[in-house]
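**Student:** Predicted structure and sequence below. I'll ask about it afterward.
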Amino acid sequence: MKSGSSSTSVVRAVAYSLMACLAVATSAAAADPIPCQVLTEADVKGVLGAEWQASPSSSKTDACEYRGSGGKSVTLVLTEDSSAAASMLGTRRQMAGGRAKPAAGPGVGAFRLDTPTANAIVFGRGKWVAQIDAAPSTASDPGTLDRLAKMAYDRLP
């Protein structure tokens, strides 16, 4: 009877170990956001209109692009920074120099970047930095980028 009890304990220990390993693997995989799930086609259509759709280039693992009529596009790029998003945000802001303008959000350290070809908002959460570009720059306004950024920010881990 003792050996049966001992075998049961070993089986339980192995089962618990396997469950723990699976839980760690699942949580690690779930922690990596998928750009087209962070900013969805429904989000873009809800803010910009029904004409928008995912671009074939959206299959890239770090970016998701949506296209509208007349050459308009919205692109979300995600970058992981294991030390925390704040350090990468600071570096990007410094690289942009005077073109970087503080944004009220989402998140601490968010900033806008306007160029002749696109408007962008850059923000971070946890270990993820996100940049949403809207092109051409005449096709977007700060309110539009704010709404899209808020939706994306809320989905970042």
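**Tutor:** Thanks, I have it.

**Student:** So for stretch 125-140, what gets flagged as buried?
**Tutor:** Residues of stretch 125-140 classed as buried: Arg125, Lys127, Trp128, Val129, Ala130, Gln131, Ile132, Asp133, Ala134, Ala135, Ala139, Ser140 (neighbour count, 16 or more other CB atoms under 10 Å). In short, each C-beta sits where N, CA and C put it, glycine included.

**Student:** now, which of these lie within helices?
**Tutor:** When DSSP state H is applied, these are split such that none fall in helices.

**Student:** wait, which of these is closest to Ala42?
**Tutor:** Lowest distance from Ala42 to those (CB to CB) belongs to Ile132, with 15.5 Å.

**Student:** so that closest one sits right up against Tyr153, yeah?
**Tutor:** No. Contact criterion CB atoms under 8 Å: Ile132 and Tyr153 do not qualify, at 10.0 Å.

**Student:** Rounded mean pLDDT for stretch 133-142, please.
**Tutor:** If you average the pLDDT over stretch 133-142, you get 80.

**Student:** Please apply the same query to stretch 111-128.
**Tutor:** Stretch 111-128 shows a mean pLDDT of 90 in the predicted model.

**Student:** Pull the distance from that stretch to the chain's centre.
**Tutor:** 12 Å (CA atoms, centre = their mean, to the nearest Å).

**Student:** in that stretch, what counts as buried?
**Tutor:** Those would be 111-114, 118-125, 127-128, for stretch 111-128 by 16+ other CB under 10 Å.

**Student:** Now do the contacts for Gly124.
**Tutor:** By CB atoms under 8 Å, 6 or more residues apart in numbering, the contact list for Gly124 reads Asp81, Ala84, Ala85, Ala86, Met88, Leu89, Gly107, Gly109, Ala110, Ala130.

**Student:** quick one: which of those is nearest to Pro35?
**Tutor:** Ala130 (8.4 Å).

**Student:** Who are the contact partners of the closest one?
**Tutor:** Per CB under 8 Å, 6+ apart, neighbours of Ala130: Val38, Leu76, Val77, Leu78, Thr79, Val122, Phe123, Gly124, Ala149, Ala152, Tyr153, Leu156.
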